[in-house]
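1. How does the following fold in three dimensions:
(2 chains)
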Amino acid sequence: GQQVMQIPQYQHVQEGEDFTTYCNSSTTLSNIQWYKQRPGGHPVFLIQLVKSGEVKKQKRLTFQFGEAKKNSSLHITATQTTDVGTYFCAPQGDYGGSQGNLIFGKGTKLSVKP
Amino acid sequence: GAGVSQSPSNKVTEKGKDVELRCDPISGHTALYWYRQSLGQGLEFLIYFQGNSAPDKSGLPSDRFSAERTGGSVSTLTIQRTQQEDSAVYLCASSLVTSGGGETQYFGPGTRLLVL
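-> Next up, the predicted model:
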């Protein structure tokens, strides 16, 4: 079955440092979504990547989809305290299950020290 | 417009009691999902409804868990004979399914369940 690994599980950075989280799948994906969950909040959609090698940017956030569509990364440049939260990847592929059923990674919990 | 709403926001119950959690999806969204999130953990998929299709129940952890979606809108997640390990935040999400797939999921605020 589908295996999704997200690393690291935790990341502590000093404000202003960069941060990257990686999402790796054992199978080729049709697309991947990224979500952010603030402490005490619920996951909020950030972006979706569909094409092989795709790169998308949202201000200080850069999202990449691997050429083989098996991995993805989220990079934050010059972190701020507002970036604190857990970042989840949600790959979607043909798992033999229901279309639309995203499999969420375990998430990377980011803490930022001011 | 209104987002996904869930009720109650918090629920404290005694071990062995049944609980019902409610989810009101975004109007017009055909897909509805239930997840469970234990403290500090990731999202555990429970069940998925899509239109009139049979629900995907593959994530339900035991037969004490069941869910219904009436009229293609409101959904209720029922946990019978609750156990302490059922304590978690139960999140509902909805999405508008299109032929292209990869639909964004919009999450509700969750119901925090504590089983004593």
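2. Nearest spatial neighbour of B:R64, chain-adjacent residues omitted?
-> Ranked by CB to CB, 6 or more residues apart in numbering or on different chains and with sequence neighbours excluded, the top spatial neighbour of B:R64 is B:Q80, at 4.6 Å. C-betas here are computed from N, CA, C, even on glycine.
3. quick one: pLDDT of that neighbour?
-> On the pLDDT scale, B:Q80 is placed at 98.
4. residues touching it, list them.
-> For B:Q80, the contact set (CB atoms under 8 Å, 6 or more residues apart in numbering or on different chains) comprises B:D18, B:R64, B:F65, B:S66.
5. which of those are buried?
-> B:F65 (16 or more other CB atoms under 10 Å in any protein chain shown).
6. Sitting in helices, which of the contacts of B:Q80 do you find?
-> Using DSSP state H, no member of these falls in helices.
7. Tell me the one among the contacts of B:Q80 nearest to A:K70.
-> B:F65 (32.1 Å; CB to CB).
8. Would you map the strands across chain B?
-> Assigned by DSSP state E, the strands in chain B fall at B:5-7, B:10-13, B:19-24, B:31-37, B:44-50, B:65-69, B:75-79, B:88-95, B:106-107, B:111-115.
9. Can you list the low-confidence ranges for chain A?
-> A:1-2, A:93-102 (pLDDT under 70).
10. Make TSV out of the contacts of B:Q80 and add pLDDT and distance to B:E103.
-> Converted to TSV, the contacts of B:Q80 look like this (pLDDT from 0 to 100; distance: CB to CB, whole Å):
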residue	pLDDT	distance to B:E103
B:D18	98	32
B:R64	97	30
B:F65	98	24
B:S66	97	25
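11. who's in contact with B:Q6?
-> By CB under 8 Å, 6+ apart, the neighbours of B:Q6 are B:L21, B:R22, B:C23, B:D24, B:Y90, B:L91, B:C92, B:G108, B:P109, B:G110, B:T111.
12. about what we covered before: I'd like the strands of chain B as CSV, with distance to A:C23 appended.
-> Output for the strands of chain B, formatted as CSV (distance: least, CB to CB, whole Å):
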stretch, distance to A:C23
strand B:5-7, 27
strand B:10-13, 32
strand B:19-24, 27
strand B:31-37, 18
strand B:44-50, 16
strand B:65-69, 28
strand B:75-79, 28
strand B:88-95, 19
strand B:106-107, 19
strand B:111-115, 27
